[in-house]
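>>> Just need the structure, nothing else, for what follows:
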Amino acid sequence: MLRLYEWKLQNAIKNQEVPKHIVLALAESDLLADDNFNKLKSFSSWCKEMGISIVTIYISIIEVDAELSRKICLKLSEEIPSVLCEITRNINVITRWDREIKKYEDKGMRLDISLGYSGKYELTRAIKEIMKKIEDNNLNPEDINEDIIESHLLFKFEPDLVIRAGGKRLIDFLIWQAVYSELYFTDVNWLDFRKVDFLRALRDFQKRQRRFGK
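Sure thing, here's the model as predicted:
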């Protein structure tokens, strides 16, 4: 019965427009189980199957110790792309210790992986860069507007849908870019997340009337 329901749900989704850009928000603890990299692989394959163009996976990193956090990010940045490269080679990785996104290839579904690169950190970094340009007389304070700020953000794409697996709180990620995004909180945690849960998130998105702040 579940497979029949899943099949009907998937067909209903394909008859309507799907989000172009999806964000999946996870906590560091969500990846502790041995099979969770494979679950990331499954999630990416579901997105590709449904024709989604951009997938951003954000993994929050608890910063108890800066050096330990750096080592965790380095480990994940090496292991995750090797698992997901079968889905797409267009993989981009960013951590708090990088100034630019590490790019692999640029064809196929775009998969951005953010490791601890929070929205507050991204905005702080952008403000510092803008202030440096003002100090160097390369920018006038009067010229600062939304376009200037956005040009200094590392992540350029506004998500249509943000999926928070097993969480009930907003996340500190893409806080500028996701201001008009639809938010979806799953009833199940990441360990129990299935394709049918993913499809329900897409169907819920399609039923909403987006207002973009109006």
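>>> Just checking: what are the partner strands of the lowest-mean-pLDDT helix or strand in the chain?
Across the helices and strands of the chain, the lowest-confidence element by mean pLDDT, DSSP states H and E is strand 102-103, at a mean of 73. The pairing partners recorded for strand 102-103 under DSSP bridges are strand 91-95 (antiparallel).
>>> Only alpha carbons, please: show the strand it pairs with as PDB.
Presented in PDB, the C-alpha positions along strand 91-95 are these (Å, rounded to 0.1, in the frame of the first residue of the first chain):
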ATOM      1  CA  ILE A  91      29.500  19.300  -6.300                       C
ATOM      2  CA  ASN A  92      30.600  22.400  -4.400                       C
ATOM      3  CA  VAL A  93      31.800  22.400  -0.800                       C
ATOM      4  CA  ILE A  94      32.200  25.300   1.600                       C
ATOM      5  CA  THR A  95      33.400  25.300   5.200                       C
END
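>>> That one: how far from the chain's middle?
Here strand 91-95 shows a centroid-to-chain-centroid distance of 11 Å under the convention Cα atoms, centre = their mean, to the nearest Å.
>>> Report the buried residues of that strand.
By neighbour count on 16 or more other Cβ atoms under 10 Å, the buried set for strand 91-95 is Ile91, Asn92, Val93, Ile94, Thr95. For the C-beta atoms, the positions are set from N, CA and C on the backbone; glycine is no exception.
>>> Check which helix or strand the residue sitting nearest the centre point of the chain maps to.
By Cα atoms, centre = their mean, the chain has its centre lying nearest to Thr56, at 2.8 Å. Per DSSP states H and E: Thr56 is located in strand 54-60.
>>> what's the answer for Trp46, then?
Using DSSP H and E, Trp46 falls within helix 36-49.
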